[in-house]
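>>> no sequence for this one, just the structure:
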């Protein structure tokens, strides 16, 4: 990480974040430049266990639609809204507070 943020090349980079307890109101803000929507459910980020507790931002199937997904156990909430701009940077802010996702 630098003063200009984190730069990932989209090939094999990742950011390892220490464990923390999810819960309560949270927001995540980022800029994303996607060059293709051909990756089915391609993750912008995916925090979680991989099995049952996950927080993800991804493209919806192979479209440019943005999907925001929060799963805890067998219960999940999702919001599909907005689109990724394949020719430029997209500014994305996602929030969850109680049962409300934006």
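Noted; the coordinates are in hand. Just so it is clear, the structure is predicted and the values come from calculations on it, not from any experiment.
>>> residue 61 versus residue 72, what's the distance?
23 Å (Cβ to Cβ, to the nearest Å). For glycine as for every other residue, the C-beta is placed from the backbone atoms N, C-alpha and C.
>>> check residue 31 too.
Counting by Cβ to Cβ, the gap from residue 31 to residue 61 is 23 Å.
>>> the more surrounded of those two?
The neighbour comparison of residue 31 against residue 61 (other Cβ atoms under 10 Å) goes to residue 61, with 13 against 10.
>>> how about the residue nearest to that one when sequence neighbours are not counted, secondary structure?
The shortest distance from residue 61 to any non-neighbouring residue, by Cβ to Cβ, 6 or more residues apart in numbering, is to residue 40 (5.8 Å). Following DSSP: H, G, I helix; E, B strand; the rest coil, residue 40 is assigned to coil.
>>> look at residue 40 and report its pLDDT.
Model confidence at residue 40, given as pLDDT, is 81.
>>> ok, now residue 92?
We note a pLDDT of 91 for residue 92 in this prediction.
>>> which parts of the one helix or strand residue 68 maps to are buried?
Element membership of residue 68 [criterion: DSSP states H and E] is strand 65-72. The neighbour-count check on strand 65-72 (16 or more other Cβ atoms under 10 Å) flags 66, 67, 68, 69, 70, 71 as buried.
>>> tell me the strands beside that strand, with direction?
In the sheet, strand 65-72 lines up against strand 53-59 (antiparallel), strand 75-83 (antiparallel) (DSSP bridges).
>>> who are the neighbours in contact with the spatially most central residue of the chain?
For the chain, the residue nearest the mean C-alpha position is residue 57 (2.1 Å; Cα atoms, centre = their mean). Residue 57 makes contact with 28, 43, 44, 45, 66, 67, 68, 69, 92, 94 under the criterion Cβ atoms under 8 Å, 6 or more residues apart in numbering.
>>> show me what contacts the fourth one?
If I follow you right, that is residue 45. 28, 30, 55, 56, 57.
>>> remind me which residues of this protein are low pLDDT?
1-4, 20, 22 (pLDDT under 70).
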